[in-house]
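> Take a look and give me a structure for this.
(chains A and B)
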Amino acid sequence: GAGVSQSPSNKVTEKGKDVELRCDPISGHTALYWYRQSLGQGLEFLIYFQGNSAPDKSGLPSDRFSAERTGGSVSTLTIQRTQQEDSAVYLCASSPAMQRWEQFFGPGTRLTVL
Amino acid sequence: DQQVKQNSPSLSVQEGRISILNCDYTNSMFDYFLWYKKYPAEGPTFLISISSIKDKNEDGRFTVFLNKSAKHLSLHIVPSQPGDSAVYFCAGNAGGTSYGKLTFGQGTILTVHP
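Okay, here's the model as predicted:
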C-alpha cells in the first residue's frame, strides 16, 4: 500500500514568509509525528498526534510553529515568519497507534529560507 | 543538549566484512533503543530495536548490543553488503509521557565497497 507522503518535496522561501508543509499518513494510522533534521544534526522531535487526544507539542521550537491534523488524517505543519535557522528537512511519520518502535517515515520536505 | 551521539560521521568497510556502528546516550531515562536506516531522498526506515532489559538483539545479519552501564549501544552488520550503504541513525526513547518521542543521533554514513 501507499506509504507516508509529504508535499512539497522542496520549498524555498524568503525570510519572514509563512510556509505550510503537508503530510499524508498511511491510511488507518492513528498516530502522526513531525520531526526535523537540520544540517549535521539528528532528527529532532517536534510534535505528535494520537487519535483524538490533545497533541504533544513539547518539541516545537517556538510559537511560530504550529500543526494541525484534520479528520484524524492529513496534517499540516505551519511555520510563520520563517527564519534562516528554520532551514531543515521536515519529516513526517505515522504508526498504527502511538508506539515507540516502528514509525513509518515519509521522504521529507526540504525547506530553505533565504 | 545532545542526548544521543554518534561520534563517527562516516564508516567505510569492505563487502563481506563486519560493520560496527556506535552510539552513546546520556539520558538515563531511556529504556528503549532503535536503529533506523536512511537512503538518499527517502525517509528513515526501522531496522532493529532493543529494550533495556536485554543486552543483545539479533535479526538476521543485524545485531544490536546494549551496554547500560556505559550508556553505549552498537549495531553490528555481518556480513556487510553494498546495499547496506546508507545513513544509520540510533534513537532512544524514555517511555511514559515520552512514549512516542524518539531522540535521534546525528547519523553515521556507512559505505560498503564491493
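
> mind listing what the closest residue to chain B within chain A touches?
Residue nearest to chain B within chain A (CB to the nearest CB): A:Phe105, separated by 3.0 Å. Yep, even glycine has a C-beta here, placed from its N, CA and C like the rest. By CB atoms under 8 Å, 6 or more residues apart in numbering or on different chains, A:Phe105 lies in contact with A:4, A:91-93, B:36, B:43-45.

> Over to A:Pro61?
A:Pro61 makes contacts with A:Leu46, as judged by CB under 8 Å, 6+ apart.

> re the thing from before, so for the residue of chain A closest to chain B, what's the nearest residue that isn't a sequence neighbour?
Leaving out its chain neighbours, the residue that sits closest to A:Phe105 by CB to CB, 6 or more residues apart in numbering or on different chains is B:Gly43, at 3.0 Å.

> Over to B:Asp31?
B:Ser52 (4.2 Å).

> Check what pLDDT that neighbour gets.
According to the model's per-residue confidence, B:Ser52 sits at a pLDDT of 94.

> which parts of chain A sit against chain B?
Contact residues, chain A versus chain B (CB under 8 Å from any CB of the partner chain): A:4, A:31, A:33, A:35, A:40-45, A:48, A:50, A:56, A:58-59, A:91, A:93, A:95, A:98-108.

> Quick check: the residue of chain B nearest chain A.
In chain B, the residue that lies nearest chain A is B:Gly43 (3.0 Å; CB to the nearest CB).

> Could you confirm that residue falls within a helix?
No - if the criterion is DSSP: H, G, I helix; E, B strand; the rest coil, then B:Gly43 is coil and not within a helix.

> For it, which residues are in contact?
Counting by CB under 8 Å, 6+ apart, the residues that B:Gly43 touches are A:4, A:91, A:93, A:104-108.

> Also A:Thr13?
Contacts were defined as CB under 8 Å, 6+ apart; by that measure A:Thr13 touches A:19, A:82, A:111-114.

> Leaving out sequence neighbours, find the closest residue to residue 18.
All of this refers to chain A. Excluding the flanking residues, the one nearest A:Asp18 by CB to CB, 6+ apart is A:Gln80, at 4.9 Å.

> I was thinking of chain B, sorry if that wasn't clear
If you skip the residues right next to it in sequence, B:Ile18 has B:Val78 as its closest partner in space, 4.7 Å away by CB to CB, 6+ apart.

> what about the closest residue to B:Tyr99 other than its chain neighbours, helix or strand, and which?
Here the nearest residue to B:Tyr99 in space, its sequence neighbours aside, is A:Arg100; by CB to CB, 6+ apart that works out to 5.5 Å. Element membership of A:Arg100, judged by DSSP states H and E, is empty: it is in no helix or strand.

> Look at the residue of chain A closest to chain B and report its pLDDT.
The pLDDT attached to A:Phe105 in the predicted structure is 95.

> repeat for the one 3 residues further on
A:Gly108 carries a pLDDT score of 96 in this model.

> how many neighbours does it have?
A:Gly108 is surrounded by 26 other residues when neighbours are defined as other CB atoms under 10 Å in any protein chain shown.

> Now do the contacts for it.
Neighbouring residues of A:Gly108 by CB under 8 Å, 6+ apart: A:6, A:9, A:37, A:89-92, B:43.

> And the furthest pair within those?
The most widely separated members of the contacts of A:Gly108 are A:Ser9 and A:Gln37, with 14.6 Å between them, by CB to CB.

> ok, these two, which is more surrounded?
Higher neighbour count among A:Ser9 and A:Gln37: A:Gln37, with 21 against 12, using other CB under 10 Å.

> and stretch A:99-109, which residues are buried?
By neighbour count on 16 or more other CB atoms under 10 Å in any protein chain shown, the buried set for stretch A:99-109 is A:100, A:103-109.
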